[in-house]
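>>> quick one: sequence and predicted model below, then my questions.
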Amino acid sequence: MEHYIQRCCIQLTKNIEEIVQRGERIDVKRVFGGYTMDVIAGTAFGIEVNSQKDLDHPFVRDAAGFLSDIGTQDKYLVVLAKCFPFLLPFIKVLVKNLFQPNGFKTFVKSIQRIKEERKLDGNGNRKPDFLQSLLSCEENQTSGTDQMNVLSKVEVIAQALIFFVAGYETTASTLQYMAYCLALHPEVQDKIVCEIKEQLGDEIPTYEGVSKLKYLDSVIQETQRMYNPVNAVNRVASEEVTIKGITIPKGAGVLVPIANVMRDPEYFPEPDKFIPERFYEGSINPISFLAFGFGPRLCIGMRLAQLEMKMSMVHVLRRVKFVKTDDIQDVFKIKPGSILSIPDRVIAIKAVMRDVAATG
Ligand code: HEM
């Protein structure tokens with residue numbers, strides 16, 4: 001898996017260098033989106049789509065259609081479902097009949113196609129990936145295995161879908177916001193580059209290598225604290241509980257506004273300032289950093305996301321420097337009404353080649 005991510009990083013860096021050499025701004029969501037799509041397609045579904053180069057690959061085309069339509073789906077229904085779980089059966093009927101994203105069906109077909117190809121390949125070609133684990137659970141339906149490890153066909157597709165969206169969109173958004181923060185804070189960028197030189201020299205950034213980059217880690221965390229792609233998580237109260245005078249009855253839906261918690265000055269002094277050192281110095285109460293959620297339902301892809309973010313930033317920052325331009329806004333607006341935090345405009349960032357920046 002590590003070698004595969006390494007190859008995706010090389011393609012990403014090449015793409016960014018080409019844009020820089022053409023003197024254009026980088027649409028950071030687009031380039032990092034191609035990268036995270038390649039990583040999730042390869043590591044979870046075992047297919048090399050090379051979306052960073054081949055936008056006509058059927059998987060990329062179907063996924064892009066589905067993802068662009070997700071943004072147009074009525075997000076208030078999602079919030080309603082999360083706050084009032086008892087409305088779920090009604091909302092399901094509405095979504096199925098009125099609000100299904102257009103690209104949904106083609107994307108589902110795409111996943112079914114991959115499933116069928118796997119089955120035709122037979123047992124000899126089993127791949128050690130997420131899709132294979134799902135398919136094994138589907139096979140268990142017929143073998144009478146304990147119900148914990150059994151999934152229906154619909155559940156397999158649903159899990160594959162959520163895994164893809166969760167794995168692609170969140171990591172691409174975080175990398176987009178990180179490039180933006182680095183352009184605004186050149187001193188932070190310089191510190192990362194120094195750390196890379198000190199800890200890795202010119203080595204390929206392996207899993208072990210990037211685990212030494214503590215400052216880079218803090219910068220990623222601080223980016224997530226300020227601009228986490230997921231604004232809120234939800235839970236159902238398993239028992240009645242009273243917190244700070246408010247009683248939550250058993251069975252109630254609870255929306256945890258993680259974006260607000262991570263901007264609360266009680267937990268993060270001067271919350272609107274970008275200060276990676278607050279994580280570096282290790283004085284944070286871990287339960288107040290909720291970027292990946294908390295507890296038994298913590299994001300299952302956290303380790304993969306951290307690895308791909310660190311590896312890609314090492315590759316990219318060795319070659320280019322993100323630059324602050326006069327038109328870069330200190331604050332941008334987030335589109336309202338979504339659980340995902342999506343900026344209201346494309347973030348386009350100038351960058352220069354690092355060897356040119358050093359001599360110029
Ligand atoms: C920076 C990147 C990412 C962020 C910020 C993020 C954030 C989150 C958050 C906040 C949750 C909800 C956790 C909770 O309810 O406590 C979650 C769940 C989940 N994430 Fe991620 N995630 C990221 C990357 C990924 C990746 C790369 C994958 C797949 C490989 C992934 C797959 C999932 C799945 C499947 C769930 C549902 C887990 C469950 O309900 O048990 N995520 N993620």
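Good, I have the coordinates.

>>> identify the residue spatially nearest to the residue of the stretch 151-300 of the chain found nearest the ligand, adjacent ones excluded.
The ligand sits closest to Gly293 of the stretch 151-300 of the chain, with a gap of 2.0 Å, by Cβ to the nearest ligand atom. (C-beta placed from N, C-alpha, C; glycine too.) Nearest non-adjacent residue to Gly293, counting by Cβ to Cβ, 6 or more residues apart in numbering: Val233, 5.0 Å away.

>>> surely the one you found and Val256 touch.
Yes. Between Val233 and Val256 a contact is recorded at 5.0 Å, counting by Cβ atoms under 8 Å.

>>> which residues do the two both contact?
Leu290 (Cβ atoms under 8 Å, 6 or more residues apart in numbering).

>>> of the two, who's got more company?
Val233 (20 against 15; other Cβ atoms under 10 Å).

>>> spit out the contact partners of that one.
Taking Cβ under 8 Å, 6+ apart as the criterion, Val233 is in contact with Leu255, Val256, Ile258, Leu290, Gly293, Arg297.

>>> residue boundaries of the helices in the stretch 51-200 of the chain?
Counting by DSSP state H, counting those that start in this stretch, the stretch 51-200 of the chain has helices at residues 58-70, 75-83, 88-94, 104-121, 130-143, 153-184, 186-200.

>>> now, of those, which is deepest in the fold?
Greatest average neighbour count among the helices of the stretch 51-200 of the chain goes to helix 153-184 (a mean of 20), per mean count of other Cβ atoms under 10 Å.

>>> that helix - what's its average pLDDT?
Mean pLDDT, helix 153-184: 87.

>>> measure how far that helix is from the centre of its chain, please.
In terms of Cα atoms, centre = their mean, to the nearest Å, the centre of helix 153-184 is set 3 Å apart from its chain centre.

>>> cool, stretch 311-322 as well?
With Cα atoms, centre = their mean, you get 18 Å for stretch 311-322.

>>> can you give me the buried ones in that stretch?
Met311, Ser312, Met313, Val314, His315, Val316, Leu317, Val320, Lys321, Phe322 (16 or more other Cβ atoms under 10 Å).

>>> what parts of the stretch 101-250 of the chain come near the ligand?
Residues of the stretch 101-250 of the chain lying close to the ligand (Cβ under 6 Å from any ligand atom) are Ile162, Phe163, Ala166, Gly167, Thr170, Thr171, Thr174, Asn228, Pro229, Val230, Val233.

>>> thought the fourth one was touching Leu304?
Yes. Taking Cβ under 8 Å as the definition, Gly167 is a contact partner of Leu304 at 7.3 Å.

>>> overlap of the contact sets of the two?
Val39.

>>> hey, where'd the strands end up in this protein?
For the chain, the strands defined by DSSP state E occupy 26-27, 233-236, 241-243, 246-248, 253-256, 320-323, 348-353.

>>> return the most buried member of those strands.
Mean neighbour count (mean count of other Cβ under 10 Å) peaks for strand 320-323 among these, with a mean of 22.

>>> ok now that one, how far from the chain's centre?
22 Å.

>>> ditto for stretch 348-355
Put simply, stretch 348-355 sits 23 Å off its chain's centre (Cα atoms, centre = their mean).

>>> could I get the pLDDT score of the residue nearest to Gly293?
89.

>>> try Pro249
95.

>>> contacting residues around it?
Contacts of Pro249 by Cβ under 8 Å, 6+ apart are Ala237, Glu240.

>>> residues near Gly251, how many?
For Gly251, using other Cβ under 10 Å, the count is 12.

>>> again but with Leu340, I slipped
Neighbours of Leu340 under the rule other Cβ under 10 Å: 19.

>>> surely it touches Pro229?
Yes. Applying Cβ under 8 Å as the test, Leu340 and Pro229 come out as touching, 5.7 Å apart.

>>> overlap in contacts, those two.
By Cβ under 8 Å, 6+ apart, the residues touching both Leu340 and Pro229 are Glu169, Thr170, Ser173.

>>> now Val60. Nearest residue, chain neighbours left out?
Ser51 (4.2 Å).

>>> kindly report the same for Gly167.
Using Cβ to Cβ, 6+ apart, the closest residue to Gly167 is Ile40 (3.9 Å).

>>> check the gap between the one you found and the ligand for me.
Distance check for Ile40 against the ligand: by Cβ to the nearest ligand atom, to the nearest Å, it reads 6 Å.

>>> next one: Pro343
Distance, Pro343 to the ligand, by Cβ to the nearest ligand atom: 15 Å.

>>> from what I see, that residue and Ile334 are in contact.
Yes. Counting by Cβ under 8 Å, Pro343 touches Ile334, with 6.2 Å between them.

>>> returning to that earlier point: which of the strands of the chain sits closest to Gly209?
strand 320-323 (19.9 Å; Cβ to Cβ).

>>> show the average pLDDT along that closest one.
The average pLDDT for strand 320-323 rounds to 96.

>>> from the buried residues of stretch 311-322, which land in helices?
Met311, Ser312, Met313, Val314, His315, Val316, Leu317 (DSSP state H).

>>> tell me the pLDDT of the fourth one.
In other words, Val314. The confidence metric pLDDT takes the value 98 at Val314.

>>> just give the closest residue to it, not the sequence neighbours.
The spatial neighbour of Val314 that comes closest, neighbours along the chain excluded (Cβ to Cβ, 6+ apart), is Pro205 at 4.0 Å.

>>> next, the distance between the ends of stretch 251-268.
31 Å (Cα to Cα, to the nearest Å).
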